[in-house]
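Peer 1: Got a predicted structure plus its sequence, pasted below:
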Amino acid sequence: MKKGIHPDYHEITVVMSDGTEFKTRSTLETKDGTYHSEVDSKNHPFYTDNLKVQKKADRIDRFHKRYGSKD
């Protein structure tokens, strides 16, 4: 490896949205050495199977927007 051209590779702590944390190595620059994740496999629709519900809700909203709501 050439010296002086690569970013600093150091240990950081990743804190997930549910509070779990783990240590890993990264080039990410953080002030306190901690990265707080907002999305993980426990709350992302892709992993929780809520994606189908959201897609259906989006289609219903588009229908009501296009043709008007009967409410």
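Peer 2: Arrived safely. For clarity, every value in this text was computed on a predicted model and none was experimentally measured.

Peer 1: Which residue ranges of this structure form strands?
Peer 2: Using DSSP state E, the strands of the chain run over residues 10-15, 21-26, 34-36.

Peer 1: Check the ones you listed for me and report the most buried one.
Peer 2: Comparing the strands of the chain by mean neighbour count (mean count of other Cβ atoms under 10 Å), strand 10-15 ranks first with a mean of 14. Heads up, the C-betas are built off the backbone N, CA and C, glycines and all.

Peer 1: if we can go back for a sec, the strands of the chain into CSV, with extra columns for mean pLDDT?
Peer 2: Below are the strands of the chain laid out as CSV (pLDDT from 0 to 100):
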stretch, mean pLDDT
strand 10-15, 92
strand 21-26, 92
strand 34-36, 90
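
Peer 1: if I look at the spatially closest residue to Arg25 that is not a sequence neighbour, how far off is Lys23?
Peer 2: Nearest residue to Arg25, sequence neighbours excluded (Cβ to Cβ, 6 or more residues apart in numbering): Glu11, at 5.4 Å. Distance, Glu11 to Lys23, by Cβ to Cβ, to the nearest Å: 6 Å.
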